[in-house]
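> Quick check, what structure comes out for this input:
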Amino acid sequence: MAPKKISNKRAVAAPRRDVFLVDPTSVLIVGLDTDDGPTHPLWDAHAGDAVDPASVDNVKVYGVIKPVVVTKDGDRILVVDGRTRTKWCREAAKQQRKAGEIECRLPIMFRRGDDKTLHGVARSANAHGRRDSVLDLAEQARRAADLGASPTEICATFGVTEKTLREWSALSDLAAPVRAAVESGEVSATAAARLAKMSKGDQAAALAQLRAEGGKASARRVANKTRAAKGKSELDPPAKRIRSASAEMASSVTAICNDFNEDDAAYVVDLLEKLHKILTGEPLPKGDVEHAIDDEQIVAEQEAEA
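Down below sits the predicted model:
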C-alpha cells in the first residue's frame, strides 16, 4: 500500500504566525512574577488584581480564546498583552488539576520590539478594546438561548449571574425611548428591567416624568413608578429600611439579652452596636441597648447558681 502523501496546502494562502500552547506558569507577568518595578515598560499597576471567578469558569469551558502576546527577555518569556487572561488560565488549570481533569493551556504568540514598541502594544490592546452595550449583550444572550444554550451555559459565557440574565431578557420589551436611554447610560439595565414590566406607553411616560423630576433614574425610583401604576405605596430609601430593620433587631436583642449572663449579654450588645454602625454609618442610640442587661436579674441568677 502506497504511503499517504502529506499535503502542504494551507487553509489560507497568506503568511502565518505560530501559536504555542504552553503551561500558563511558564510565562511571567512583570510586577507579579518578577521583581521589576514601575520603570519597566511592561509593568502594570493592576497586575496583582484578583481574578474574576466567572471568567475562570468561562476559561474552564472554552479555554483562552484570544492568544496572549509575549516577548523574549533573555531566558524569560514576558507577557506583553494578556495579563488577566494568563491569570484566568492559571487559576482554571489549578482547579482542573485538583479535580483530576485535563488542564487548559495558554495560547501565546511572540512579538519583537524595543521598549517603546512593546509598551505601545500593551497599552493599545487595553485602550482600543470595544465594550458591548448592555443591549448588545442581551441580544447575544438571546441568540445563545436560541441556539440551545442553557441559562447556566449563557451565564458562564458572559460572566454574569442568573439575576443579570433575567434582567437582560426583560430588555427586549423596552419602548424605543427607554432603549435609547439605556444605550446612552442614562438608565441602568436594572432600572430598565423594572420599566419593562409596564406597557410601552407607560414606560415612555414614566421615563419622561423621571426626567422632569431630575436626578438619576435609579432602580428604586423606577420601582416606585411601577408600584404607583399598580396603586401600591412607594418603597422607602435603602438607608431608611436598614435603620428600621436595625432598630427592630436592637429591640429583639434587648429581650434576648435578659436570658444571658452579664458577659454574654455585653458581648451581644457590643456586636449589635458594631453591626448597626456598619449598616447605617451611625452609632446605635444608647436608649436602644442601655437596658439590655437587667442588673438585678443577673445578680439574682448568680445568687441562685451559688
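> For Asp36, the count of nearby residues, please.
Asp36 has 17 neighbours, counted by other Cβ atoms under 10 Å. No exception for glycine: its C-beta is placed from N, CA and C like everyone else's.
> Then the one 5 residues further on?
For Pro41, the neighbour count with other Cβ under 10 Å is 19.
> Let me see the contact set for it.
Applying Cβ atoms under 8 Å, 6 or more residues apart in numbering to Pro41 gives the contacts 115-116, 118-119, 122.
> which one of these sits closest to Val160?
For those, the residue nearest Val160 by Cβ to Cβ is Ala122; the value is 27.6 Å.
> Could you report the neighbour count for that closest one?
23.
> Leu195 reaches Leu207, doesn't it?
Yes: the pair Leu195 and Leu207 qualifies as a contact (Cβ atoms under 8 Å) at a distance of 7.1 Å.
> wait, which of the contacts of Pro41 is closest to Asp33?
Closest to Asp33, out of all of those and judged by Cβ to Cβ, is Ala122, at 15.6 Å.
> just checking, the closest one touches Val80?
Yes: using Cβ under 8 Å, Ala122 is in contact with Val80, at 5.3 Å.
> shared neighbours of Leu195 and Leu207, anything?
Common neighbours of Leu195 and Leu207 (criterion: Cβ under 8 Å, 6+ apart): 178, 187.
> Backbone dihedrals for the spatially closest residue to Arg17 that is not a sequence neighbour, please?
In space, and not counting its chain neighbours, Arg17 is closest to Met109: 5.9 Å by Cβ to Cβ, 6 or more residues apart in numbering. The phi/psi pair for Met109 (degrees, to the nearest 10) reads phi -130, psi 140.
> Equivalent analysis for Leu42, please.
phi -110, psi 10.
> Mind checking which of the contacts of Pro41 land in strands?
The members of the contacts of Pro41 all map outside strands under DSSP state E.
> quick one: contacts for the residue lying closest to Asp36 once chain neighbours are set aside?
Leaving aside its sequence neighbours, Asp36 sits nearest to Val30 (Cβ to Cβ, 6+ apart; 5.0 Å). Going by Cβ under 8 Å, 6+ apart, Val30 touches 36, 40, 42-44, 47, 78-79.
> Now for the residues you listed, which sits with the most neighbours around it?
Neighbour counts for the contacts of Val30, by other Cβ under 10 Å, peak at Val79, which reaches 26 neighbours.
> What is the helix or strand hosting Ala144 packed up against?
Ala144 belongs to helix 134-146 when elements are defined using DSSP states H and E. The helices and strands touching helix 134-146, judged by 3 or more Cβ pairs under 8 Å, 6 or more residues apart in numbering; DSSP states H and E, are helix 151-158, helix 162-170, helix 176-184.
> shaky segments in the stretch 101-250 of the chain?
129-130, 215-220, 223-250 (pLDDT under 70).
> ok, Gln203 to Val187 distance?
10 Å (Cβ to Cβ, to the nearest Å).
> what touches both of those two?
178, 195.
> Please flag which of the contacts of Val30 sit within strands.
Mapping those onto strands (DSSP E) picks out 78-79.
> Just the closest of the contacts of Val30 to Ser199, please.
Ser199 lies nearest to Asp44 out of these, by Cβ to Cβ, at 48.8 Å.
> any idea how far the closest one lies from Lys60?
According to Cβ to Cβ, Asp44 stands 25 Å off from Lys60.
> go on, Arg16?
Shown here: Arg16 relative to Lys60, a distance of 29 Å by Cβ to Cβ.
> The two: which is more packed in?
Lys60 (20 against 8).
> which secondary structure element contains the more buried one?
Lys60 belongs to helix 53-62 when assigned by DSSP H and E.
> for that helix, packing partners?
Applying 3+ Cβ pairs under 8 Å, 6+ apart, one finds that helix 53-62 contacts helix 83-98, helix 151-158.
> May I see the buried residues of that helix?
Buried positions in helix 53-62, judged by neighbour count with 16 or more other Cβ atoms under 10 Å: 55-60.
> With pLDDT and distance to Lys87 added, can I get these in TSV?
Converted to TSV, the buried residues of helix 53-62 look like this (pLDDT from 0 to 100; distance: Cβ to Cβ, whole Å):
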residue	pLDDT	distance to Lys87
Ser55	93	9
Val56	95	9
Asp57	93	14
Asn58	94	13
Val59	95	10
Lys60	95	14
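> from the residues you listed, which single one is nearest Glu91?
Val56 (4.8 Å).
> Distance check, that closest one against Tyr62.
Per Cβ to Cβ, Val56 is found 12 Å from Tyr62.
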